[in-house]
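Engineer: Sequence plus the predicted model coming up.
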Amino acid sequence: MSRRFACCLALLALSTAGCAAADEAASANGFRYLNPSNLSKPTGYTHVVEVPSGARTLYLSGQIALDAQGRLVGAGDFGRQAEQVFANIDAALKAAGASFANVVRIDRYVTDMSQLTALRAARDKYIDTKHPPASTLVEVSRLAREGLLLEVEATAVVPR
């Protein structure tokens, strides 16, 4: 092996050292979804979502289970509240010229972690389950208003 070839191999090895392989997929909107092999396999979310440069970013405030008139929907019913929350996110996205296809991150705050099945059922009606957004799920003791069982905020990116 020539000395030059050996140097090239050494440089290649150094440049890839510490880089874990990743399960990578691209979506129709140009986002790149990455799940590095040295992280746990995610269920229902993606570890890293990369967006194209020059895109417009939307930050949605936490949505709760209120209808357009400000009335609580689904008092005591986590599933109904989750449906309302995701319908509210959908309405907010549409108002900004976006859709759930543009959502790259969802943060969820729940008062009862045992309700994940109902939460996922509502969420999965809206998100691309093959390319789920990055997300966080936190159980909290209480939300801003009496009777609320969850709050969900979202970040969306709209390519220009």
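Structural biologist: Nice, I can see it. Numbering: from 1, shown residues only.
Engineer: Please settle this for me: is A122 part of a helix?
Structural biologist: Yes. Counting by DSSP: H, G, I helix; E, B strand; the rest coil, A122 is located in a helix.
Engineer: so what pLDDT did the residue lying closest to it once chain neighbours are set aside get?
Structural biologist: Nearest residue to A122 in three dimensions, chain neighbours excluded: A82, at 3.6 Å (Cβ to Cβ, 6 or more residues apart in numbering). Bear in mind the C-beta positions are built from the backbone N, C-alpha and C, glycine included. A82 is assigned 98 on the pLDDT scale.
Engineer: Check which helix or strand A82 maps to.
Structural biologist: helix 78-95 (DSSP states H and E).
Engineer: Okay, buried residues for that helix please.
Structural biologist: 78, 80-90, 92-93 (16 or more other Cβ atoms under 10 Å).
Engineer: Pull up the distance across stretch 68-76, start to finish.
Structural biologist: 19 Å (Cα to Cα, to the nearest Å).
Engineer: circling back to that earlier point, JSON lines for the buried residues of helix 78-95, including distance to V157?
Structural biologist: Below are the buried residues of helix 78-95 laid out as JSON lines (distance: Cβ to Cβ, whole Å):
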{"residue": "F78", "distance to V157": "29"}
{"residue": "R80", "distance to V157": "30"}
{"residue": "Q81", "distance to V157": "27"}
{"residue": "A82", "distance to V157": "24"}
{"residue": "E83", "distance to V157": "25"}
{"residue": "Q84", "distance to V157": "25"}
{"residue": "V85", "distance to V157": "21"}
{"residue": "F86", "distance to V157": "19"}
{"residue": "A87", "distance to V157": "21"}
{"residue": "N88", "distance to V157": "19"}
{"residue": "I89", "distance to V157": "15"}
{"residue": "D90", "distance to V157": "16"}
{"residue": "A92", "distance to V157": "15"}
{"residue": "L93", "distance to V157": "11"}
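Engineer: quick check, nearest of those to L58?
Structural biologist: L93 (7.3 Å; Cβ to Cβ).
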